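J.: Following is a predicted model, sequence given first.
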Amino acid sequence: MAWDDKSVLIGLPEATLGLLPGGGGIVRMTKKFGIQKALPYLLEGRIMPAAQAHAEGLIDELAPTLDELIPRAKAWILAHKDDPEAAIQPWDRPGYVIPGGDLNNPVVRGFIHQFAFKLFEQTRGLLPNKQLIFDIAVESLKLDLDTALKIEGRGLVTLIVSPIGKNMMSANFLQMGEIRRGVSRPKGYERSTVSRIGVIGAGMMGQGIAYAAAMAGVAVVLKDVSMAAAERGKGYSATLLDKAVAKGKIDDARRQAVLDRITPTDRTEDLAGCELIIEAVFEKLELKHQVTTEAEPQLAEGGVWASNTSTLPISILASAAADPSRFVGLHFFSPVDKMPLVEIIRGEATSDAALAKAFDFVKQIKKTPIVVSDKVGFFTSRTIGAQLWEGIELVAEGVHPIRVDNLAKAFGMPVGPLTLHDEISQRLSVEVQETQLAMGLIKESDNPRAGATALVRELVAQGRGGRHYGGGYYDYGADGKHIWPELVSRYYRADLNISDDDIKDRMLFSAVIESLKCLEEGVLHTVAEGNIGSLMGIGAPAWTGGYIQFVNSYGLQRFIDRCAELTDRYGDRFRAPAIVAEKLAAGASFT
C-alpha cells in the first residue's frame, strides 16, 4: 500500500548507484513479472509516482490520504488474519508459472540471448553491476527462491566493495546529496523563487532555457532581434510539447498552459520587471556588452542579470553592467531540455545575494547547480576541451581518426571527440580561440596541442567547419556519416606505433588532470561539484564516479606514476598536478 501523493516515489534505483536491487529485489521482480517486464525496472532504476506504480502492479493498493494509510493496512491484516493463503507469495504456490515463461520457453531463451548482446553494446562492459543484475535475473528463472536470494546477496556484497561500486555510490548518492543540500550556496539568504524571467536570444540555447523555465511554471519573455525569430524560438517549445502529448506524458491542457507562459517579442521594453534576465546571444564580447547595456535597466529591483556563456570571463562581461554585483554566469548545456546541469559562474564582483538567487532559480527549474569561479573556460568547457583537443592531437600525430573515436567510446565516453567536435563546430572553436587570443586570455605560445590547433584551422579554411556547415572530420549523407577521406590520406600514419592503452589514457587523463588543476586553482570549490559536474555536464564515464573520484579508485601513487609515463612519452601536459602528491603525503584522498 502507498499514499497516493506526488512526494511518494516508488522504484528500484540501485542500478544508478553501481549496485543491484538487494533484499530480493531482482529475484522477486523476476518471479512476479517475468524477465522481459522486470529488466527495465531493474537496469534503468525507474522511479515513478505511486499511482503509476499501482497501475503497473508494483503495489497493490493506494490510500488517497496519509491518515488513511495505516488504518487501511491494519484493516487488510484483520480481514485476512484467518486466511492462510494471504501469507503465501504467488511464486511459492504449487504450480506457479512465471509470467512470460522460464528458461524452458524458447521465446524467453531467445530474448535472453539477444538481450545479452544489447546490454553489452549499451554498457561496453564498463558497468559490472548491470551485467550482474541481468545474470541474477536469468538465474531466478531456474532456481528456487532461497538459492536465488543467496546468489543475489553475494552479488550485492561484491559490488559494494568494488572500486566501481564505491565510485558510483560516492558520486551519485553522497556527493549528489551535498550538492542538493546547497554546499556552495551562500548562507544567510532565504530561499527565493522567480515568477517572470527574460531570455535574450531565441536560438538553440535561449529557446531551450525558455522551455525549461516555462515547464517549471515560470513566465518567460523570449526576445530576439525580430518577431519572426522570437516566434521560432517559442515554436521549439511547441515541438517538444507536441511530442510529450503524443507519448502520453502530458495532456493538451498542460501543453497549452506551458506555451501560454512564453511571450515572444522583439521589444526590449517588454523585459521590464523581469526578476532575472538571461542573455543567450552569440559568444562575441561586443554583442554581449551591447545587449547588457540596452536591457539591464529593465530588471526588476533586486533582479539578477545572467550570461549564458561557456568561454568568456564573467568579470569582463560584467564590466558593461551598471551594477556588476548583480551579474552572474549561468552556463546551460545543450540540449537544455535534456541536460540536467547548470554551471553557475561567480565573477569578481558577483554578490552573495545574486549568487543565491541564481542558485535557487536553477533548482526551481529542476536542474542541478554547481558553482565555480571565473577563469577562462570555467570548469566544464575547460575540462571537456582538454579531452577533445587531445583526441584531435592524436589524429594530427597520425592515429587513424576512427580508432580515436572508437577508443574514446571504449572507456565510456558517450561519443568520440571527433564526433563531438563536429557537433560543437570547428568553426566555433576557431572563433573562440581567436577571441580569447585577441582579449589576451590565452597565448599562442602556451598551446600544448599545436598540432591539433593547426589541423582544425586547416579544416575551417577548407570550409569544413562542422556538421552544421556540411561536414568536418566526417561527411554526412542520407546513408549516415563517413570519415572525410582527405583526413585519412593527409594525416594517418600506418607505421605509427602507439598502444590502445596509451590512446585511451591520453584522452581520459587529459580531462582528469584538468579537473585536478581546476580544484587546485580554486575554480572548483568542492570535490563533489567536480565529480557531479563532469558526470552530468560533460559525459564523464559513469564507472569513474567523476573525474576527481577516478583518482581515488585508481590510486594516487599509481596515478602519479602513470602521469610520469605519459609525460615522458607525450609531453609535460600530462604531469600530475601537485595537489595529488600533497594528498598522498597527507595520507588523504579527494573527498
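T.: Arrived safely, thanks for sending. Residues are numbered from 1 along each chain as shown.

J.: show me the contacts for residue 40.
T.: By C-beta atoms under 8 Å, 6 or more residues apart in numbering, the residues touching residue 40 are residue 46. C-beta here means a position set from N, CA and C on the backbone, and glycine is covered the same way.

J.: Tell me the secondary structure of it, please.
T.: helix (DSSP: H, G, I helix; E, B strand; the rest coil).

J.: and the gap between it and residue 119?
T.: 12 Å (C-beta to C-beta, to the nearest Å).

J.: Which residue ranges of this structure form strands?
T.: 2-3, 9-11, 47-49, 62-63, 196-200, 219-223, 262-265, 274-279, 299-307, 327-332, 341-346, 368-373, 474-477, 480-483 (DSSP state E).

J.: So what's the residue count around the residue lying closest to residue 212 once chain neighbours are set aside?
T.: Closest residue to residue 212 apart from its sequence neighbours, by C-beta to C-beta, 6 or more residues apart in numbering: residue 365 at 4.9 Å. Neighbours of residue 365 under the rule other C-beta atoms under 10 Å: 20.

J.: Kindly report the same for residue 150.
T.: By other C-beta under 10 Å, 12 other residues sit near residue 150.

J.: before we move on, the earlier item: now render the strands of the chain as TSV, adding mean pLDDT and distance to residue 229.
T.: Below are the strands of the chain laid out as TSV (pLDDT from 0 to 100; distance: least, C-beta to C-beta, whole Å):
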stretch	mean pLDDT	distance to residue 229
strand 2-3	97	47
strand 9-11	96	40
strand 47-49	94	38
strand 62-63	96	47
strand 196-200	98	11
strand 219-223	98	9
strand 262-265	98	9
strand 274-279	98	15
strand 299-307	97	19
strand 327-332	98	19
strand 341-346	98	24
strand 368-373	97	29
strand 474-477	95	26
strand 480-483	94	30
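
J.: Which one of these lies nearest to residue 242?
T.: strand 262-265 (14.4 Å; C-beta to C-beta).

J.: Can you report how many residues neighbour the residue nearest to residue 140 when sequence neighbours are not counted?
T.: Ranked by C-beta to C-beta, 6+ apart and with sequence neighbours excluded, the top spatial neighbour of residue 140 is residue 30, at 4.1 Å. Residue 30 is flanked by 29 other residues according to other C-beta under 10 Å.

J.: which residues sit in contact with residue 30?
T.: Taking C-beta under 8 Å, 6+ apart as the test, what residue 30 contacts is 38, 42, 98, 137, 140-141.

J.: same deal with residue 534?
T.: Neighbouring residues of residue 534 by C-beta under 8 Å, 6+ apart: 380, 383, 511, 515, 540, 546-548.

J.: with those residues in mind, which one is nearest to residue 582?
T.: Nearest to residue 582 among the contacts of residue 534 is residue 548, at 13.9 Å by C-beta to C-beta.

J.: hang on, the closest one packs against residue 530?
T.: Yes - with contact defined as C-beta atoms under 8 Å, residue 548 and residue 530 form a contacting pair (4.5 Å).

J.: Overlap of the contact sets of the two?
T.: Residues touching both residue 548 and residue 530 (C-beta under 8 Å, 6+ apart) are 515, 519.

J.: Would you mind measuring from the residue of the chain positioned farthest from its centre to residue 308?
T.: When distances are taken from the C-alpha mean of the chain, residue 82 lies farthest, 52.4 Å away, according to C-alpha atoms, centre = their mean. Residue 82 sits 66 Å away from residue 308, going by C-beta to C-beta.

J.: Grab the nearest non-local neighbour of residue 537.
T.: Nearest residue to residue 537, sequence neighbours excluded (C-beta to C-beta, 6+ apart): residue 341, at 4.0 Å.

J.: cool, residue 153 as well?
T.: Leaving aside its sequence neighbours, residue 153 sits nearest to residue 22 (C-beta to C-beta, 6+ apart; 6.6 Å).

J.: What does that neighbour show for phi and psi?
T.: With angles defined as degrees, to the nearest 10, residue 22 sits at phi -80, psi -170.

J.: any idea of the pLDDT on it?
T.: Residue 22 is assigned 93 on the pLDDT scale.

J.: so how many other residues sit close to it?
T.: If you count neighbours by other C-beta under 10 Å, residue 22 ends up with 18.

J.: Could you find the closest non-adjacent residue to residue 15?
T.: Leaving aside its sequence neighbours, residue 15 sits nearest to residue 45 (C-beta to C-beta, 6+ apart; 4.5 Å).

J.: what's the answer for residue 514, then?
T.: Nearest non-adjacent residue to residue 514, counting by C-beta to C-beta, 6+ apart: residue 386, 4.1 Å away.

J.: Residue 44 and residue 248, how far apart?
T.: From residue 44 to residue 248 the distance is 18 Å (C-beta to C-beta).

J.: So which of the two has more stuff around it?
T.: residue 44 (14 against 7).

J.: can you name the two of the contacts of residue 30 that are farthest apart?
T.: 42 and 98 (14.8 Å).

J.: So the two - more neighbours on which side?
T.: residue 42 (25 against 21).

J.: what number of residues lie near the closest residue to the more buried one other than its chain neighbours?
T.: Here the nearest residue to residue 42 in space, its sequence neighbours aside, is residue 133; by C-beta to C-beta, 6+ apart that works out to 5.2 Å. Using other C-beta under 10 Å, residue 133 has 28 neighbouring residues.

J.: next one: residue 74
T.: Neighbour count of residue 74, defined by other C-beta under 10 Å: 10.

J.: I'd like to know how far residue 548 sits from residue 584.
T.: Counting by C-beta to C-beta - residue 548 and residue 584 are separated by 14 Å.

J.: Report the distance from stretch 510-523 to the chain centre.
T.: Chain-centre distance of stretch 510-523: 19 Å, with C-alpha atoms, centre = their mean, to the nearest Å.

J.: And for stretch 445-459?
T.: On C-alpha atoms, centre = their mean, the centre of stretch 445-459 falls 28 Å from the chain's centre.

J.: With stretch 132-141 instead?
T.: Going by C-alpha atoms, centre = their mean, where stretch 132-141 is centred and where its chain is centred differ by 29 Å.

J.: Then stretch 351-359?
T.: For stretch 351-359, the separation from the chain centroid amounts to 23 Å (computed by C-alpha atoms, centre = their mean).
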